[in-house]
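>>> when you get a sec, could you give me coordinates for this:
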Amino acid sequence: MTASRLVLAALASIRRNAARSLLTALGVVIGVASVVVMVAIGKGAEAEVARQIAGLGSNLVVVTPGVDRKSGVSAGAGSMDSLKIEDVRKLSAESLQAVAVTPVIRTFSMAVAGGNNWRTPIAGVDSSYFEIRRWAVRSGRVFDELDIRNNRKVCILGNTVAQNLFGEDDPVGQTLRLRGIPLEIVGLLATKGQTAEGNDQDDIALVPYTTVRARMAGRQFIAQLLLSARSEAALPALMAETRSILRESHGLGGKADDDFTVQDQSQIAEAARGATEVMTNLLLVVASVSLVVGGIGIMNIMLVSVTERTREIGIRRALGARRADVLWQFLVEAVVLSSLGGALGAVLGVIVTGVVASATGWTTAVTVDSVVLAMGFAVGVGVFFGWYPARRAAALDPIEALRFQ
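Take a look at the predicted model:
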């Protein structure tokens, strides 16, 4: 029989038992839909991570404090208070690869304006912070050199803080208090959204770092130094130069360990991508279980079909059909059944992906590759689980098959 006749015969057999065939293919439908949905969620997560990493800044290098260890006990990454303002000055003066440098001094405070209050992180930054982070203001202005040099009592709010204190009103020109210090709001930041870890980037108040150091009491911890390279190609050179300058600044000898960590965007992105890839692969393994279950269902029903059609097989053999013809007839039927299930599953997966994205707000990405992968799985399931029933049908003795009642 030709391939087209085999497919038509398979479709006719499936149509004769439409309800049973649909229930048999249900496992494949669910498995393929699960694969499409899981891959779409994973790809969407990777795209979102890439977008957020790009939003961190332009050709960004991040320096964080090292690990503080006392009596052999580690306090965790970034726990050492090893970064100083002098490091910023030295990097600004000596670095040939850095376009801009800013410290990020972290602290917290209750922000109070009118009758409202909101506890928010405070970041003491330089005027170059906005260039490095590529973070524009929606209204007002960014800090200038006079704000930094004169320790001016000014601040720029993220959207979350502004909404909780002022509602929908533009806060620029208003006054709020941080740590009891009245600050004029000179700008409102453009919305950044959440990070991959779920942290709200818009829940922040930016203050000149000189103002934080001079006017705000409490522990002032330099959490980061941010540097921007001249180009992406210059990132490795900037990282090496930064490490050299900081080791000299901190008086570290040739064999002494760094008391800081230097990373660029690619390293940060690679770590984030690694986490999303592990999760995507785990979800794919779980989704593939449904395909295996669906394949077992196809094998069972094909074995039942062989038993039901034993006399038909005997007649075909008596009329001259070879064993290979019988084998291909049942194998193609199994593959067509699983392929139809795969097609239905792919359509269902696209629909479910849209529903999930709409209901949760997650970024999803249905790709042609994921649909082809899922369909390939479905065809493979049909071949793998259809082979044994097809071999069994082909091995039937034609005389015994004709006697079968």
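
>>> what residue spans form the domains of the chain?
3-52+272-403, 83-258 (automatic domain parsing).

>>> can you count the residues close to Lys255?
5 (other C-beta atoms under 10 Å). No exception for glycine: its C-beta is placed from N, CA and C like everyone else's.

>>> which SS state does it fall under?
Classification of Lys255 by DSSP: H, G, I helix; E, B strand; the rest coil places it in coil.

>>> ok, it to Gly31 distance?
Note on Lys255: its distance to Gly31, by C-beta to C-beta, to the nearest Å, is 56 Å.

>>> and for Asp169?
52 Å.

>>> ok, Val88 touching Thr102?
Yes - between Val88 and Thr102 there is a contact under C-beta atoms under 8 Å: 7.3 Å.

>>> which one's more surrounded, these two?
Neighbours per residue (other C-beta under 10 Å) separate Val88 from Thr102, with Thr102 holding more: 26 against 21.

>>> ok, and the closest non-adjacent residue to the more buried one?
Of all residues not flanking Thr102 in the chain, Asp126 sits nearest, at 3.9 Å (C-beta to C-beta, 6 or more residues apart in numbering).

>>> my read: that neighbour touches Thr211, true?
No - Asp126 is beyond contact range of Thr211, at 11.4 Å (criterion: C-beta under 8 Å).

>>> quick revisit: now the domains of the chain as TSV including distance to Val63?
Listed next are the domains of the chain as TSV, based on distance: least, C-beta to C-beta, whole Å:
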stretch	distance to Val63
domain 3-52+272-403	19
domain 83-258	4
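
>>> any stretches of the stretch 1-150 of the chain with poor pLDDT?
Regions of the stretch 1-150 of the chain meeting the criterion pLDDT under 70 cover residues 1-3, 6, 10, 49-58, 68-79.

>>> can you rerun that using 80?
Within the stretch 1-150 of the chain, the stretches with pLDDT under 80 are 1-24, 42-43, 45-58, 67-81.

>>> and the nearest residue to Ala100 once chain neighbours are set aside, how many neighbours?
In space, and not counting its chain neighbours, Ala100 is closest to Ser128: 3.7 Å by C-beta to C-beta, 6+ apart. Residues near Ser128, counting by other C-beta under 10 Å, number 21.

>>> now do the same contact list for Ser128.
With contacts defined as C-beta atoms under 8 Å, 6 or more residues apart in numbering, the neighbours of Ser128 are Ala100, Val101, Thr102, Ser228.

>>> where's the most centrally placed residue in the chain, which helix or strand?
Centroid check for the chain by C-alpha atoms, centre = their mean gives Ala45 as the closest residue, at 2.4 Å. For Ala45, the element it lies in under DSSP states H and E is helix 18-55.

>>> helices or strands up against that helix?
Packing contacts for helix 18-55, counted by 3 or more C-beta pairs under 8 Å, 6 or more residues apart in numbering; DSSP states H and E, involve helix 265-308, helix 323-360, helix 368-394.

>>> again, 10 Å this time
helix 3-16, helix 265-308, helix 323-360, helix 368-394 (3 or more C-beta pairs under 10 Å, 6 or more residues apart in numbering; DSSP states H and E).

>>> show me what secondary structure element comes after that helix.
Taking DSSP H and E, what comes next after helix 18-55 is strand 60-65.

>>> now find how far off-centre that next one is within its chain.
Distance of strand 60-65 from its chain centroid, counting by C-alpha atoms, centre = their mean, to the nearest Å, is 22 Å.

>>> what residues sit buried inside the helix holding Ala45?
Judged by neighbour count using 16 or more other C-beta atoms under 10 Å, the buried positions of helix 18-55 are 21, 24-46, 48-49, 52-53.

>>> quick revisit: what do Asp126 and Thr211 both touch?
Residues touching both Asp126 and Thr211 (C-beta atoms under 10 Å, 6 or more residues apart in numbering) are Phe143, Asp147, Ile148.
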